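A.B. asks: sequence below, structure please.
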Amino acid sequence: MQLFEFKLHYGLVTPFTGRRWMDLKRHSIMRRCYRWIVAMLGLLCAVSVQAQTFKMPCDVEATIPALDDKKLPPERIEIEIQGMGKNIFLKTNGSKYYHLITNSLITEDYVGKNLTTEKAMGATRKHKKTGYESEVLIDRQSVVLTAFHDIEENGKKLRVQFTGPCTLPR
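C.D. replies: Numbering: from 1, shown residues only. Okay, the predicted model is just below:
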């Protein structure tokens with residue numbers, strides 16, 4: 001057995017033909033293609049993990065019970081709903097008083113709970129240190145949003161409650 005065949009047999013050298021630079025170039029192109037394919041598969045997997053967001057417009061009106069049921073101007077908001085496993089994520093997009101985020105996750109800072117039943121869908125969340133709460137409930141039959149969240153106004157903790165009908169997208 002010749003030395004080259006011995007090294008080739010035991011994996012000590014790679015088998016190149018007489019044109020080594022062509023084989024190196026071909027090997028380099030194959031490596032790039034492999035990396036590109038792996039990157040695209042990784043990107044597709046990452047995109048498929050994200051939950052789809054369901055958006056729904058609502059016409060709501062808010063009150064602040066601590067200020068003698070002070071009424072705030074009505075507003076058209078949009079609620080975003082996401083579900084991942086047993087967790088639900090709800091977000092209302094609106095002005096300062098109508099903007100809130102709640103979910104059913106339990107983290108270092110928050111304790112959340114999924115309030116979804118046969119009659120309603122929703123979640124509540126409470127901050128462990130401050131005690132500030134937020135809650136969103138959507139009645140399944142009438143599609144009416146009922147929500148509240150705590151805010152700080154002039155150094156006081158106030159609860160803003162709002163309710164109103166929502167429109168299912170077509």
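
A.B. asks: going by C-alpha atoms from here, please, whenever you check contacts or count neighbours.
C.D. replies: Noted.

A.B. asks: show me what contacts V60?
C.D. replies: 74-77, 145, 162-165 (C-alpha atoms under 8 Å, 6 or more residues apart in numbering).

A.B. asks: next step: these restricted to helices.
C.D. replies: Of the contacts of V60, none are assigned to helices by DSSP state H.

A.B. asks: tell me which of those fall in strands.
C.D. replies: 75-77, 145, 162-165 (DSSP state E).

A.B. asks: break this structure into its domains for me.
C.D. replies: Residue ranges for the domains of the chain, per automatic domain parsing: 3-49, 54-165.

A.B. asks: please work out which of those domains is packed deepest.
C.D. replies: Neighbour counts (mean count of other C-alpha atoms under 10 Å) averaged over each of the domains of the chain peak at domain 54-165, with a mean of 17.

A.B. asks: distance between it and the chain's centre?
C.D. replies: The chain centroid and the centroid of domain 54-165 are separated by 17 Å under C-alpha atoms, centre = their mean, to the nearest Å.

A.B. asks: export the ones in strands among the contacts of V60 to TSV and tack on distance to N103 and pLDDT?
C.D. replies: What follows is those, written out as TSV (distance: C-alpha to C-alpha, whole Å; pLDDT from 0 to 100):
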residue	distance to N103	pLDDT
E75	23	95
R76	22	95
I77	18	95
L145	15	96
F162	18	94
T163	18	95
G164	20	96
P165	21	96
